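Colleague: Give me the fold of what follows.
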Amino acid sequence: MVNICELKQEPLINYPTFWDFKVIFEVKAPAEKIFKDILGQREFNFKASHKSKNGTYQSYLLSVFVDSKKDRLEIFEKLKIKAKFVL
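Modeller: Numbering: from 1, shown residues only. Next up, the predicted model:
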């Protein structure tokens, strides 16, 4: 049986590591340029993963090398400003 208190705890993440973000842009958005602008010289990879049924949105799987929780959350916040959704 799972203890509910255990479910509320933050997962243990060993840094540095690659972290995957699911990023959704409008189809017309220049995803690669946005990623490069946000991440600069940082090591990252991305690939298109799914286009919406109506062809309005394109999702990407973005894998970024992060040094710490703070680093990961800063990238998340920067992505949120440019993208429609970030998961």
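Colleague: List of residues touching the lengthiest helix in the chain?
Modeller: As assigned by DSSP state H, the longest helix anywhere in the chain is helix 69-82. Identification of contacts with helix 69-82 by Cβ atoms under 8 Å, 6 or more residues apart in numbering yields 13, 15, 19, 21, 23, 25, 29, 34, 38-39, 62, 64, 66, 86. (Glycine included, C-beta is placed from N, CA and C.)
Colleague: which of the residues you listed has the most neighbours?
Modeller: Across the contacts of helix 69-82, neighbour numbers were computed from other Cβ atoms under 10 Å; Val23 holds the maximum, 26 neighbours.
Colleague: what's the weakest-modelled helix or strand in the chain?
Modeller: When the helices and strands of the chain are scored by mean pLDDT, DSSP states H and E, helix 4-7 comes last with a mean of 59.
Colleague: contacts for the helix or strand that that helix is followed by?
Modeller: Next in sequence after helix 4-7, counting helices and strands by DSSP states H and E, comes strand 17-26. By Cβ under 8 Å, 6+ apart, the residues outside strand 17-26 that reach it are 31, 34, 46, 49, 56-66, 72, 75-76, 79, 82-87.
Colleague: Dead centre of the chain: give me the residue that sits there.
Modeller: For the chain, the residue nearest the mean C-alpha position is Phe21 (2.2 Å; Cα atoms, centre = their mean).
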